[in-house]
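Chemist: sequence plus predicted model, see below.
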Amino acid sequence: EVQLVESGGGLVQPGRSLKLSCLASGFTFSNYGMNWIRQAPGKGLEWVASISGSSSYIYYADTVKGRFTISRDNAKNTLYLQMTSLRSEDTALYYCASTVATEFDYWGQGVMVTVSS
Amino acid sequence: DIQMTQSPASLSASLGETVSIECLTSEDIYNNLAWYQQKPGKSPHLLIYYASNLQDGVPSRFSGSGSGTQYSLKINSLESEDVATYFCLQDSEYPYTFGAGTKLELK
């Protein structure tokens, strides 16, 4: 059974940094792409970033490009999202999602990031 | 970027009824369209991928159709557990984009 468990969220001041993690299990992590998607409170879904299994291909939404970095450690079955220069508009529930058979086929429970002074 | 226009924004229907949700895209996405269901307080759940393929474990009352720039999700014989918000996603090209969502409620 595929399981994705996010961690690392919390309250952070504007301009500061935060690093999210997503621990994966139930599939061969290194073989598949992974993604971060976020959802602001009461709002819709926004794709944030994607990374291929070997980290050869990485893509970002324009809203986070230059501030966020997606990475993975295949030995630890873990996906990361390093977030810097955080803004109030980055406040959201952040989900990691896998691309096993198709895009975003499995999702974690999400981790909340609140950017506020 | 590919723009997604999802309609309606909200929908009220009775048990047993058939409902449809539509997504229009700003350019041809060659069937690279998925549908997700999100129940209150829960993570999104994949229902349909590549426009019309039912994800394993999803009830057969859900179906997807469409091509080009026009896609739809149909729910036959609505059940109480179908109360949720539904989103479409285009995964034809980056940046991937979601529809704004359709909130389905029981009448």
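Modeler: Okay, I see it. What you are looking at is a predicted structure, and each value in this text was computed from that prediction instead of being measured. Numbering: from 1, shown residues only, chains lettered A, B, ... in the order given.

Chemist: how about the strands in chain B?
Modeler: Here chain B has its strands, by DSSP state E, at B:4-7, B:10-13, B:19-25, B:33-38, B:45-49, B:53-54, B:62-67, B:70-75, B:84-90, B:97-98, B:102-106.

Chemist: taking the centroid of chain A, which residue is nearest it?
Modeler: Taking C-alpha atoms, centre = their mean, the centroid of chain A lies closest to residue A:36, which sits 3.2 Å from it.

Chemist: ok, now which ones touch that one?
Modeler: A:20, A:22, A:48-50, A:70, A:79, A:81, A:94-97 (C-beta atoms under 8 Å, 6 or more residues apart in numbering or on different chains). Just so you know, the C-beta spots here come from the backbone N, C-alpha and C atoms, and that holds for glycine as well.

Chemist: those residues into CSV, with extra columns for distance to residue A:2, pLDDT and neighbour count?
Modeler: Output for those, formatted as CSV (distance: C-beta to C-beta, whole Å; pLDDT from 0 to 100; neighbours: other C-beta atoms under 10 Å in any protein chain shown):
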residue, distance to residue A:2, pLDDT, neighbour count
A:20, 19, 98, 21
A:22, 12, 98, 25
A:48, 20, 98, 25
A:49, 20, 98, 23
A:50, 17, 98, 24
A:70, 19, 98, 22
A:79, 13, 98, 28
A:81, 19, 98, 26
A:94, 18, 98, 23
A:95, 14, 98, 23
A:96, 11, 98, 29
A:97, 10, 98, 26
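
Chemist: these also near chain B: which ones?
Modeler: A:50, A:95 (C-beta under 8 Å from any C-beta of the partner chain).

Chemist: and the contacts of residue A:36, which two are furthest apart?
Modeler: Spanning the widest gap among these are A:20 and A:50, at 14.6 Å by C-beta to C-beta.

Chemist: any idea how far residue A:33 is from chain B?
Modeler: 11 Å (C-beta to the nearest C-beta, to the nearest Å).

Chemist: neighbouring strands for the helix or strand where residue A:95 lies, and are they parallel or not?
Modeler: According to DSSP states H and E, residue A:95 maps onto strand A:92-99. Using DSSP bridges, the strands paired with strand A:92-99 are strand A:33-39 (antiparallel), strand A:106-107 (antiparallel), strand A:111-115 (antiparallel).

Chemist: ok, and what's touching the second one?
Modeler: Outside of strand A:106-107, the residues that reach it under the criterion C-beta under 8 Å, 6+ apart are A:2, A:4, A:37, A:95-98, A:100, B:43-46.

Chemist: now do the most centrally placed residue in chain B against chain A, distance only.
Modeler: Nearest to the geometric centre of chain B sits residue B:35, at 3.8 Å (C-alpha atoms, centre = their mean). Per C-beta to the nearest C-beta, residue B:35 is found 11 Å from chain A.

Chemist: for beta bridges, what are the partners of that residue?
Modeler: Beta-bridge partners of residue B:35, as defined by DSSP bridges: residue B:48, residue B:88.

Chemist: that one reaches residue B:65, doesn't it?
Modeler: No: with contact defined as C-beta atoms under 8 Å, residue B:35 does not count as touching residue B:65 (10.7 Å).
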